[in-house]
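Fold the stuff below for me.
(one chain, ligands or ions: 1)
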Amino acid sequence: MHARRCNRIGWYVAFVAFVAVPWTAARAEAPRFGRDPAIEKRIDDLIGRMTLEEKLGQLTQQWGAETQDVNPVVTRTKRDDMLGLIRAGKVGSLLGTHGAEYTNALQKAAFEESKYKIPLILGNDVIHGYRTIFPIPLGGAATWDPKLVEQAAHVAAVESAATGTHWTFAPMVDVCRDPRWGRVAEGAGEDPLLGSEMAAAAVRGFQGDDLTAPDSVVACAKHYVAYGAPEGGRDYNTVDISLQTLHDVYLPPFRAAVDAGVGTLMSAFNEINGVPASGCRYTLTTVLRDQWHFDGFVVSDWGSVIEMVAHGYASDPADAAAKAITAGVDMDMSSFSYRDHLPRAVADGRVPESVVDEALRRVLRVKFAIGLFDDPYTDPSLEKKVILTPEHRQVAREVARSSFVLLRNEGDLLPIGEDVKSIAVIGPLADSQKDPLGTWAGVGKAEDVVTVLDGIKQRAGAGVTVRHARGCDVRGDDTSGIAEAVEAAEQSDLVVLVIGESDDMSGEGHSRASIELPGVQRQLAQKLHATGKPVAVVLLNGRPMALPWLAENIPAILVAWHPGVECGNAIADVLFGDFNPCGKLPITFPRATGQIPIYTAHKNTGRPPRDDRYTSKYIDLPWTPQYPFGYGLSYTQFTYRNLSIKAQELKADGTLEVAVDVANAGKRDGAEIVQLYVRDLVGSSTRPVRQLVGFQKVQIPAGQDRRVKFSVPVRSLGFHNWDMQYVVEPGDFQFFIADLEGTFRVVE
Ligand code: BGC
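All right, here's what the predicted structure looks like:
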């Protein structure tokens, strides 16, 4: 350690590092809370009049669903009992409430019948749509199109706000480099920049420009922080990462959400380097409030405050409550630890009442900012008008088809040509209405979903025979249906095989120890392949999967994620060529589970993989991924040339300006995601071999080309050094677009 520090100091003598503020693309007009002196005065007045118990009521959130079917696992409180709690000021927020009639009744108890007439803030998990379900967020990220993600979030806001939701527990902005983790489905994948762009887009879409508008819901960036790095990919598990990695990889999407004006954050279940995230003053206060100037509030995750007892960080729930509020968690979700235990902690002098007041101030600010004190009610006539409209379904179809990633298309098997007169649509997911909804599908209903089979039938029309056989289940070892599937294949010109993961194989508490195809699905694929008929696989999946046999043998593979209600239509659009696929992987697909963690922005090691024996590789598998981050084919071909850079020497406050010609050399119009990566060759900390620093989606008609330009502030190319300073260091860099590369130098 000592020698290392000496070396580092020596290095500093030779080079000067530019210490800068970490860079994010802030929006100047992002909403801010707590800037209105008149409102601050009203908050002061309320705080001055409330008792400690009443204050803690406001910091308490509890489950409020009226019916048991919203979440059968959680016991409901009867309506009258709930109204009583609200009137008595024992609760400031509910989650799980739906419908204007019910939420207005609850709100009336708060706003008209409680002592201080403080409205409730009602939250729900509106993750990828409310009733109009969109692709899972990992699919949304595969569009690499923040505008589409913003549009999807806006539709979700319109629908959920109309049924009495003020607040969504989304976006989940956890970077994840371990696809065993089931919640990888809910995030934007492995990369901090892509994740940051998606985070900001979702916040803009949910909140809009006017937080008081009837189609705005407050967003909640979760799970703060590093929840996506659990050991072994096991949900809720220990996170032990360097502070550099915390700052350079896991924090940036939260910073982007804060800069986009997000109203709330949720503190995570996991510990970070020994301190549970829900008790971590460093992340919750030092970083979030002192450095980023976040002025909304933080809610705990479900029970994460009292879980600090099981972590071994708090001796009992009272200790946990004291630690959480002191660290910076303002509202307790569902464990009642604030309401039950903080009165004693304040009386004992363990927690100063000013800490409670500050938490209350932050919660009230958000309630004021979103207009609840002016009108907390929901217009009951809205619900019927805005839910699952054809316009909303159209947006869902557009997002879904833009999210699909074509991994393989040997011999241009796709799109399906006019010569194909019969199609066998096979597989356990081909005719499923439930699975395409994916995890956290809100109030989405299977009956709303267009299956792959129906989508294909509709598009194929009367002239094409469509046969269907299930073949096997997603899981289990029953092979008895395979013979029927083989028969259907043998009678058809083309097989579309729809396999992957069911909706309940990803999401919270649904980590997998193996990310290979479950059950006997591979066997089904092998038998179909053996018929000699061309097979196109459509994968419905909640995570990256390891598909080595498919990748080598099946000529066409389309990753469709869990695409939501427009599943079948969107897939048919792509299979038949009405839409040219343009999605790119937001996360690496490994060859085998054992390669995890495997991601593009990795470091080089002292012995980069080569053929010789003692280099960094495996003896039983190539070290490279099956499909890297950023990968995805099109029905056309894009070629890149004339990479140029405006200035080879750049100052730390300058701008990296590069440009490239991208040509559509094929016969179809298409969209390409142009990606710019850099490598900082020598640093006082080692730097990734390739780091994404910019991307653009460009539509290019067949036969045409476009000059694509990037302007990247040099200050965004920095990193946190050993002393936790964000630095941009002088030195040589490489940059890459597709297979072209160049160099530049950052100078003092
Ligand atoms: C999840 C959160 C979610 C919350 C409320 C928790 O179990 O981790 O993501 O927002 O429940 O439903």
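
For the rest of this, base every contact and every neighbour count on C-alpha atoms.
OK.

Kindly provide the distance from residue 114 to the ligand.
For residue 114, the distance to the ligand under the criterion Cα to the nearest ligand atom, to the nearest Å works out to 26 Å.

in what helix or strand does that residue lie?
Secondary-structure assignment from DSSP states H and E places residue 114 in no helical or strand segment.

what kind of secondary structure is the closest residue to the ligand within the stretch 601-748 of the chain in?
Across the stretch 601-748 of the chain, the shortest distance to the ligand (Cα to the nearest ligand atom) belongs to residue 629, at 25.1 Å. Three-state assignment for residue 629 (DSSP: H, G, I helix; E, B strand; the rest coil): coil.

With residue 524 instead?
Reducing the assignment at residue 524 to three states with three-state DSSP gives helix.

And the one 4 residues further on, by the same measure?
Assigned state for residue 528: helix (three-state reduction, three-state DSSP).

can you pull the contacts of residue 488?
Listed by Cα atoms under 8 Å, 6 or more residues apart in numbering, the contact partners of residue 488 are 424, 467-469.

Specify the next element, helix or strand, located C-terminal of the helix or strand harbouring it.
Taking DSSP H and E as the definition, one finds residue 488 inside helix 482-490. Toward the C-terminal end, the helix or strand that comes next after helix 482-490 (DSSP H and E) is strand 494-500.

what's next to that following strand, contact-wise?
Outside strand 494-500, the residues within contact range by Cα under 8 Å, 6+ apart are 420, 422-430, 452, 474, 489, 517-518, 521, 525, 528, 533-541.

which of the residues you listed are buried?
Among the contacts of strand 494-500, the ones that count as buried by 16 or more other Cα atoms under 10 Å are 422-430, 452, 474, 489, 517-518, 521, 525, 528, 533-541.

Where strands are concerned, which of those residues count?
With strands taken from DSSP state E, the overlap with these comprises 422-426, 535-540.

so which of these comes closest to residue 219?
Closest to residue 219 out of those is residue 540 (27.7 Å), distances taken as Cα to Cα.

who does that closest one bridge with?
Beta-bridge pairing of residue 540 under DSSP bridges involves residue 500.

my guess is it meets residue 561, correct?
Yes. At 4.7 Å, residue 540 counts as touching residue 561 under the criterion of Cα atoms under 8 Å.

Now the closest residue to residue 638 other than its chain neighbours, what are its backbone angles?
Taking Cα to Cα, 6 or more residues apart in numbering as the measure, residue 638 lies nearest to residue 664, with 4.7 Å between them; neighbours along the chain are not counted. With angles defined as degrees, to the nearest 10, residue 664 shows backbone torsions of phi -90, psi 100.

neighbours around residue 664, how many?
Here the neighbour count serves as a burial measure; for residue 664 (other Cα atoms under 10 Å) it reads 24.

Next, count neighbours for the residue of the stretch 551-700 of the chain found nearest the ligand.
Sorted by distance to the ligand under Cα to the nearest ligand atom, the residues of the stretch 551-700 of the chain start with residue 562, at 18.2 Å. For residue 562, the number of neighbouring residues by other Cα under 10 Å comes to 31.

a helix runs through it, doesn't it?
No. Counting by three-state DSSP, residue 562 is located in no helix; its state is coil.

Help me confirm that it comes into contact with residue 435.
Yes. In this structure residue 562 lies within contact range of residue 435 using Cα under 8 Å: 7.1 Å.

Overlap in contacts, the two.
Here residue 562 and residue 435 share the contacting residues residue 503, scored by Cα under 8 Å, 6+ apart.

can you dump the C-alpha coordinates of the helix or strand hosting residue 338 into CSV?
When elements are assigned from DSSP H and E, residue 338 belongs to helix 337-347. Taking only C-alpha atoms (Å, rounded to 0.1, in the frame of the first residue of the first chain), the coordinates of helix 337-347 have been written out as CSV:
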residue,chain,number,x,y,z
SER,A,337,-40.0,2.1,12.4
TYR,A,338,-40.1,5.9,12.4
ARG,A,339,-43.7,6.1,13.8
ASP,A,340,-43.1,3.4,16.4
HIS,A,341,-39.5,4.2,17.6
LEU,A,342,-38.4,7.7,16.8
PRO,A,343,-40.5,9.3,19.6
ARG,A,344,-38.4,7.6,22.2
ALA,A,345,-35.1,8.3,20.2
VAL,A,346,-36.0,12.0,20.2
ALA,A,347,-37.0,12.0,23.8
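
Which parts of the chain belong to which domain?
Segmentation of the chain into domains, based on automatic domain parsing, reads 31-383, 400-595, 638-747.

closest to residue 615 out of those domains?
domain 400-595 (15.6 Å).

before we move on, back to that, most surrounded residue in the contacts of residue 488?
With neighbours taken as other Cα under 10 Å, the top of the contacts of residue 488 is residue 424, carrying 25 neighbours.

what sits opposite that one in the beta ladder?
When assigned by DSSP bridges, residue 424 has beta-bridge partners residue 467, residue 495.

Looks like residue 668 contacts residue 702 (just checking).
Yes. The pair residue 668 and residue 702 qualifies as a contact (Cα under 8 Å) at a distance of 4.9 Å.

what residues are shared contacts of residue 540 and residue 561?
The overlap between the contact sets of residue 540 and residue 561 (Cα under 8 Å, 6+ apart) consists of residue 436.

Lowest-scoring secondary structure element of this protein by mean pLDDT?
Averaged element by element with mean pLDDT, DSSP states H and E, the chain has its least confident helix or strand at helix 2-14 (a mean of 32).
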